[in-house]
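Visitor: From the sequence below, what's the structure:
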Amino acid sequence: MKIQAYFEGVGDEIRHRWPALLEALAAKQILPLLQKHGANDTVLHATLEKRKRGERSFTVNLHMRLTGKKIVTAHAEGKDVDMASQNAMKILFRQSRKHFDRLRHQHEYKRHSRRERLRALKAQFDALPSATIEAAQKGIEPLKARLETVARRELAYLRAVGDLPADYPTLADVVDQAIAETKVAWQLGKTQDAVYRQLIKKLFKVIDREVAASRQFGESVSLDAPVPADAEDQAEAMVEEEIYEYYQPDDSLRLVDILPAGDETAVALESETGTDAEEVAQEAISETAYLVDTVKALPVSWRRTLLLAELDGITLSVIAEVLDATEDAAQLWMEQATAFVNARLADAGITVADRAHPLQLLRLDQIHSTGDK
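Guide: Numbering: from 1, shown residues only. Here you go, the predicted structure:
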């Protein structure tokens, strides 16, 4: 845990000792709570203000970002720095604990609901004719690895921009759901390409539902969570010591999550350091990382169109079907995404040989050709 302290009208003596006081107070309750939930790297922003007059001459404001798209805040006043700091830290701990409890209840409820849906889909699938069941299983199994590649990439980007939490849903959650829904709607005689289109379409719908469920506009409470009866909680709510909305992206996008299955680019990039061409290799790594990060900034429809076309080799007509759009719309998304990426790369001074295909920087042969210059 890191503490960023800010001061307004405070003397040097208090400036020097206040950060240590906050660390000691946080170590009692806040830090163990964060460690329990894997949030050790959380930054606590703390502001201490001293007024010139009044009995409550010191004001302490605390806030920190937590997983689940939330900022927890605390405010306390007092004539004594130590007491005001203790009161603020107690409030922050209660807000943080309440937030983590709410997340736990919501995740448990979502997992329970998912298991119920999968059981219902399995029952529907088992009721189909044996020939349909066998055909569905044989038709889907060879495509599962490709589907997982698309799902892994999509989840990585949605988590990176804060649309999904880091731990839910899992890759298996969304892939299993998409496969189950495809099996139930199975039609005999479909080609492998048609099956794959349906799998991707189902996958995106499953993921979109998860994103919609994760978007919170204010503090919500799980359906199975008990109603809080804490008088202090009610008092805090009355003075607007609230938990606010925010996006906390996981900025670390791994190439292995983005590139197609079997592509050795990510492995090559990670192993280039230490070679004779280390400096050139590092430049290629930097350019590739910048490209991956640039794609993160695209609207969802643009990003899906660009990645499906460039990394998966899917035609725009098929992409339009998968995304429930017209081919003209898919063509426009492709043009817009390509123009955006090219503009960002140009701003960064990165040269692309073929501007119609800016994602060529992610190709292994392109990286090595860059290193040979």
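
Visitor: Kindly provide the distance from the residue nearest to the spatial centre of the chain to Lys296.
Guide: With distances taken as CA atoms, centre = their mean, Arg159 lies nearest the centre of the chain, 1.3 Å away. Distance from Arg159 to Lys296, counting by CB to CB, to the nearest Å: 10 Å. Where you see a C-beta, it was placed from the backbone N, CA and C, and this is true even at glycine.

Visitor: For burial, what's the neighbour tally of the closest residue to Thr294 other than its chain neighbours?
Guide: Leaving out its chain neighbours, the residue that sits closest to Thr294 by CB to CB, 6 or more residues apart in numbering is Arg344, at 4.5 Å. By other CB atoms under 10 Å, the residues close to Arg344 number 18.

Visitor: Please settle this for me: is Arg344 part of a helix?
Guide: Yes - assessed by DSSP: H, G, I helix; E, B strand; the rest coil, Arg344 belongs to a helix.

Visitor: what bits of the stretch 201-350 of the chain have low per-residue confidence?
Guide: The stretch 201-350 of the chain contains residues with pLDDT under 70 at 215-282.

Visitor: That one: strands as residue ranges?
Guide: Under the criterion DSSP state E, counting those that start in this stretch, the stretch 201-350 of the chain contains strands at 243-245.

Visitor: From Trp333, how far off is the residue nearest to Thr294?
Guide: From Arg344 to Trp333 the distance is 16 Å (CB to CB).

Visitor: Now do the contacts for the residue nearest to Leu203 when sequence neighbours are not counted.
Guide: Excluding the flanking residues, the one nearest Leu203 by CB to CB, 6+ apart is Ala178, at 4.0 Å. Residues near Ala178 by CB atoms under 8 Å, 6 or more residues apart in numbering: Leu147, Ala151, Leu199, Lys202, Leu203, Lys205, Val206.

Visitor: Pick the one among those residues closest to Lys70.
Guide: Lys70 lies nearest to Val206 out of these, by CB to CB, at 24.6 Å.

Visitor: The closest one touches Ala172, doesn't it?
Guide: No - Val206 is beyond contact range of Ala172, at 11.9 Å (criterion: CB atoms under 8 Å).

Visitor: more neighbours, those two?
Guide: Per other CB under 10 Å, whichever of Val206 and Ala172 has more neighbours is Val206, with 21 against 10.

Visitor: The closest residue to the more buried one other than its chain neighbours: neighbour count?
Guide: Spatially, and ignoring its direct neighbours in sequence, Val206 is nearest to Gln177 (4.6 Å; CB to CB, 6+ apart). Neighbour count for Gln177, taken as other CB under 10 Å: 22.

Visitor: Gln177: helix or strand, and which one exactly?
Guide: Under the criterion of DSSP states H and E, Gln177 resides in helix 171-184.

Visitor: what about that helix, average pLDDT?
Guide: Helix 171-184 carries an average pLDDT of 94.

Visitor: How about it, which residues are buried there?
Guide: Buried residues in helix 171-184, counted by 16 or more other CB atoms under 10 Å: Asp173, Val174, Val175, Asp176, Gln177, Ala178, Ile179, Ala180, Glu181, Thr182, Lys183, Val184.
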